[in-house]
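**Student:** Structure of the sequence below:
(one chain, ligands or ions: 1)
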Amino acid sequence: MSQPISRRGFVLGAGAATAAILTTRRGLSSPATEQRVNIDLAKETGTVRPELHGHFAEHLGSCVYGGLWVGKNSKIPNINGHRKQAVDYLKGLIPVLRWPGGCFADDYHWRDGIGAAAKRPKDVNLHWGMYTEDNSYGTHQFIELCRLIGAEPYLAGNVGSGTPQELRDWMEYCNYPKGSSLSDERAANGSPEPFNVKYWGVGNENWGCGGNMTGDEYATVYRRFATYLRRFGETQPFLIACGPNGNNKEWTQKFWGNMRGGRPSGFAMHFYSNGRGNTATHFTLDDMRQQFASFPNIEMAIVEQRALLDTMAPPNPRLGPVGLLLDEWGVWDRMDPEEEKKYGRLFQQITIRSAIAAALGLNVIHRQAGKLVMTNIAQMVNVLHALLLTDEDKCVRTTTYYVYEFTKAHLGQLSVQTESGAAGAMELSVSASRKDKDVTITLVNPKPDVTLNVNCSLAGGSAAGATARILHDADLNAANTFATPDRVVPQALKVTVQGGTVTAELPPLSVATLLVKLA
Ligand code: AHR
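**Tutor:** Prediction:
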């Protein structure tokens, strides 16, 4: 059972009404300051769609093979080859899952991953190590995983080395109910019911690993592919075009400048938060500050790309606006070569600093909910900003897993306007959402050395009660490792409510979500 974090040794500092010394649960002292937050429950800024907490799994390192997928004959407990522990942990947490890449997608040939496993061809994974993969994990396995964990599937199609026919055939194979050769083949392969896949990526990073095109070249290619991507069954496909790298406006302008008719439903930008100074468990404060500085830039990119989209592709009276996606995001630290050798490409440890980064990102996403239709953190298991790390039969929930677990309460609620008067990447970060009498508030204290006594004032409502959970560690490099899987786990946090005011105390390096019931 987790215990509420208690204030031990609260002492007023000499001469400063707002300064104090607070002892954290790890026994370290830090000065405390008051922080006021205004939450206007009447100023709604958009729905926090479930898809805003989406995820991504690529054939890269041990994300799929060895991570999610251990195979049916493995000694590791599995469900038809899927690691059971991972399925149990991920169930209900993953609203949408993008697969099979990333860069891998633009050299993936879906036909290689269907039919009898023993007969599937062996392909070379040219982006992620030139190793051979046996294609034992293919479309049916991915759809089964999605059904097991309750995720909406999102297939990323091959534009780079593929053809329009290959992609339209994949769509027919997945979505045509029955009677065509491809749908009958799907039935013969064990799935008479169509998969009804809604989300389809038409290429990935086509400005780079997906074909090294310019925005206008890609628009021409996009139009050709999209011509054949139709409603094959009851599901209207939501076609997603490749958007910019970060806030690259030239890509967006050139793409939309060369789009005529047949426009995509979504436009997907990628924005990683690099931390290339030191490896994940050796971050310095400077490394952390540099990485956290990316989040205001991500927020600006969402606002600016949204405005550009609305100018270049004004909302269609029937279909509405083109949806903006943050299709890949998360921390990308300097890799430890030994760990990569052992656990696969782009394996990195996930620390309390990574969890704070995830929460800073999710707060941006919640605040900008009205401008986004989907976001996917990269990636779900063993790669980059992972929720789970695996080693043989061990499966560890990372700090970031817990951030997703307790911020899930925002999903389906209406984001509301917050204001803290504190701007900057190292200041308190806030997002809030509401539905009926429920208000969810996520507070992030990225400061390494200051406790924040946060006073949330609710305009337009009075609080009847509140509960909260917090994730915190005083050591910015603290992680849930295979040896210490429960080093950083959520704790109950004491919250005080008084009319329109909700108060909680956030130690340095902490993330908390408050669940407030209105009177
Ligand atoms: O997530 C890892 C890689 O990052 C993806 O394959 C690619 O899309 C991006 O550059």
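**Student:** tell me the SS of Gly160?
**Tutor:** What DSSP: H, G, I helix; E, B strand; the rest coil gives for Gly160 is coil.
**Student:** For the closest residue in space to it that isn't next to it in sequence, give me its contacts.
**Tutor:** Spatial nearest neighbour of Gly160, chain neighbours left out: Asp106 (3.1 Å); criterion: C-beta to C-beta, 6 or more residues apart in numbering. Every residue, glycine included, has its C-beta placed from N, CA and C. Asp106 makes contacts with 158-162, 203-206, 209-211, as judged by C-beta atoms under 8 Å, 6 or more residues apart in numbering.
**Student:** Give me the three-state assignment for Asp106.
**Tutor:** Going by three-state DSSP: Asp106 is helix.
**Student:** okay, it: pLDDT?
**Tutor:** In this model, Asp106 is scored at 98, pLDDT.
**Student:** Number of residues surrounding Met312?
**Tutor:** Met312 has 15 neighbours, counted by other C-beta atoms under 10 Å.
**Student:** pretty sure it contacts Asn258?
**Tutor:** No: with contact defined as C-beta atoms under 8 Å, Met312 does not reach Asn258; the gap is 10.6 Å.
**Student:** Quick check on whatever residue of the stretch 201-350 of the chain ends up closest to the ligand: phi, psi?
**Tutor:** Relative to the ligand, the nearest point of the stretch 201-350 of the chain is Glu205 (4.6 Å; C-beta to the nearest ligand atom). Phi and psi for Glu205, reported as degrees, to the nearest 10, are phi 40, psi 60.
**Student:** Name the residues of the chain found near the ligand, please.
**Tutor:** Within the chain, the residues that sit near the ligand (C-beta under 6 Å from any ligand atom) are 58, 101-103, 204-205, 328, 378-379, 384.
**Student:** swap the cut-off to 5 Å and go again
**Tutor:** Selection of the chain residues close to the ligand by C-beta under 5 Å from any ligand atom yields 102-103, 205, 378.
**Student:** got those as CSV, with neighbour count and pLDDT columns?
**Tutor:** Supplementary listing: these in CSV, determined by neighbours: other C-beta atoms under 10 Å; pLDDT from 0 to 100:
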residue, neighbour count, pLDDT
Gly102, 29, 98
Cys103, 21, 98
Glu205, 23, 98
Ala378, 25, 98
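**Student:** Going by distance to Asp393, which of those residues wins?
**Tutor:** Distance to Asp393, by C-beta to C-beta, is smallest for Ala378 among these, at 25.1 Å.
**Student:** Tell me which residues touch that closest one, please.
**Tutor:** Taking C-beta under 8 Å, 6+ apart as the criterion, Ala378 is in contact with 56, 58, 102, 272, 328-330, 384-385.
**Student:** Val159 contacts Arg223, correct?
**Tutor:** No: in this structure, Val159 is not within contact of Arg223 by C-beta under 8 Å, at 11.6 Å.
**Student:** Using neighbour counts, pick out the buried residues of stretch 272-292.
**Tutor:** 272-273, 275, 278-281, 283, 287-288, 290-292 (16 or more other C-beta atoms under 10 Å).
**Student:** got the end-to-end distance for that stretch?
**Tutor:** 11 Å (C-alpha to C-alpha, to the nearest Å).
**Student:** Stretch 315-322 too?
**Tutor:** Note: stretch 315-322 ends 7 Å apart using C-alpha to C-alpha.
**Student:** what's next to it, contact-wise?
**Tutor:** In contact with stretch 315-322 (C-beta under 8 Å, 6+ apart) are residues 263-267, 309-310, 313.
**Student:** What separation do you get for Pro100 and Thr484?
**Tutor:** Pro100 sits at a distance of 32 Å from Thr484 (criterion: C-beta to C-beta, to the nearest Å).
**Student:** neighbour count winner among those two?
**Tutor:** More crowded of Pro100 and Thr484, by other C-beta under 10 Å: Pro100, with 25 against 11.
**Student:** circling back to that earlier point, wait, what's in contact with the residue of the stretch 201-350 of the chain closest to the ligand?
**Tutor:** By C-beta under 8 Å, 6+ apart, Glu205 lies in contact with 102-103, 106, 242, 245, 270.
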